[in-house]
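Visitor: model this:
(one chain, ligands or ions: 2)
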Amino acid sequence: MTAAREHGSEGIGLYRTEFLYLKSKELPSEEELFHDYREVAEIIAPEPVTIRTLDLGADKFVSGHEIDREANPALGLRAIRFCLKEPEIFKRQLRAILRASFYGKVQLMFPMISGLQELLDAKEIMGQVKDELNREKIEYDRAIKVGIMIEIPSAVTMAEVLAQHVDFFSIGTNDLIQYALAIDRVNEHVAYMYQPFHPALIRMIQQVVNAARDAGISVSVCGEMAGDPFCVCILLSLGINELSMNARAIPIIKKIIRTISIEEVRADFENVMRLSTAKEVQAHVSNRMKTLVPELAEKGYLEGWDYL
Ligand code: PEP
Ligand code: MG
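Guide: Ligands and ions are numbered 1, 2, ... in the order given. Got it, this is the predicted structure:
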């Protein structure tokens with residue numbers, strides 16, 4: 001957290017909450033969760049922190065809680081699916097997040113939403129938790145913003161509908177690439193196919209940005225792509241103006257954003273949408289980066305990004 005601030009962050013765009021669930025055999029208590037979230041909220045205030053509800057399953061398992069061994073864990077009972085199946089675990093976390101929201105600027109985000117019903121179910125449980133807190137006269141931010149991660153292709157297709165029910169979108173590029181291109185993100189044999197410049201991905205991001213803009217909600221990008229110097233101009237040209245990244249990536253990304261002009265980037269990248277292969281997009285980006293940020297290219301900052 002302090003590293004993020006020292007590197008020049010404005011808030012925390014993605015606070016992952018799996019750690020407390022993975023570190024011991026017992027599930028964390030509401031108090032333990034509350035203290036953790038309150039501490040982050042207080043340290044980051046007045047900037048916002050976006051706390052993501054549990055994204056367990058796939059490669060992250062809860063030691064104290066049995067999830068059957070699954071043949072395809074990335075497609076299995078993970079994240080919001082697990083939470084909806086285990087409402088008591090979910091409610092405990094929601095109570096802790098809501099209580100912490102009183103001590104700073106907290107936003108709440110659901111991961112792995114695949115369609116509207118799942119979102120409505122999650123919001124329904126959140127409504128029950130709010131009712132409980134109201135009855136118990138426990139304070140929380142009643143105007144807390146609720147958003148979802150867009151990281152499953154079906155959510156991209158439904159973005160227009162989903163946008164009517166949330167305050168913000170955050171595009172999770174790690175998973176969106178995995179699910180859109182059907183490649184396991186932890187399988188080294190298909191690592192070569194992990195292509196942030198794939199035209200399908202660029203079109204998907206464009207579709208989500210358009211849906212968010214039409215509904216008047218904000219949209220950010222997280223995942224490795226958001227902190228990648230080679231991807232930043234494409235993301236800006238698509239209309240993204242919020243990025244959430246690893247603290248170490250912040251200085252170079254800020255430097256690039258300060259060096260370029262948005263009009264220039266938009267004009268330069270106008271043709272990207274017409275390119276048909278990841279190879280063409282990457283070649284275009286490499287060329288453009290050299291002219292857009294020559295100083296960084298000369299210093300060798302932009303070397304070593306070799307996807308294809
Ligand atoms: C993502 O999927 O892009 C993301 C940020 O979440 P995680 O890497 O935790 O799945
Ligand atoms: Mg994800």
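
Visitor: show me what contacts Cys233?
Guide: By CB atoms under 8 Å, 6 or more residues apart in numbering, Cys233 lies in contact with Ile256, Ile260, Val265, Asp268, Phe269, Val285, Arg288, Met289, Leu292. In this view, the C-beta of every residue, glycine as well, is placed from N, C-alpha and C.

Visitor: Counting neighbours, what do you get for the second one?
Guide: Spelled out, that is Ile260. Counted with other CB atoms under 10 Å, residues neighbouring Ile260 total 19.

Visitor: Leaving out chain neighbours, which residue sits closest to it?
Guide: Leaving aside its sequence neighbours, Ile260 sits nearest to Leu292 (CB to CB, 6 or more residues apart in numbering; 5.0 Å).

Visitor: One more: the fifth one?
Guide: Closest residue to Phe269 in three dimensions, ignoring its sequence neighbours and counting by CB to CB, 6+ apart: Ser237, at 3.7 Å.

Visitor: quick one, what contacts the one you found?
Guide: Taking CB under 8 Å, 6+ apart as the test, what Ser237 contacts is Val265, Arg266, Asp268, Phe269, Glu270, Val272.

Visitor: Take the residues you listed and lay them out in CSV including secondary structure.
Guide: Converted to CSV, the contacts of Ser237 look like this (DSSP: H, G, I helix; E, B strand; the rest coil):
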residue, secondary structure
Val265, helix
Arg266, helix
Asp268, helix
Phe269, helix
Glu270, helix
Val272, helix
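
Visitor: Residues of the stretch 201-308 of the chain that sit close to ligand 1?
Guide: When proximity is defined as CB under 6 Å from any ligand atom, the stretch 201-308 of the chain approaches ligand 1 at Cys222, Gly223.

Visitor: Next, please give the residue ranges for the helices of the stretch 201-308 of the chain.
Guide: Assigned helices in the stretch 201-308 of the chain, in chain order: 232-237, 250-259, 262-269, 278-292, 294-298 (criterion: DSSP state H, counting those that start in this stretch).
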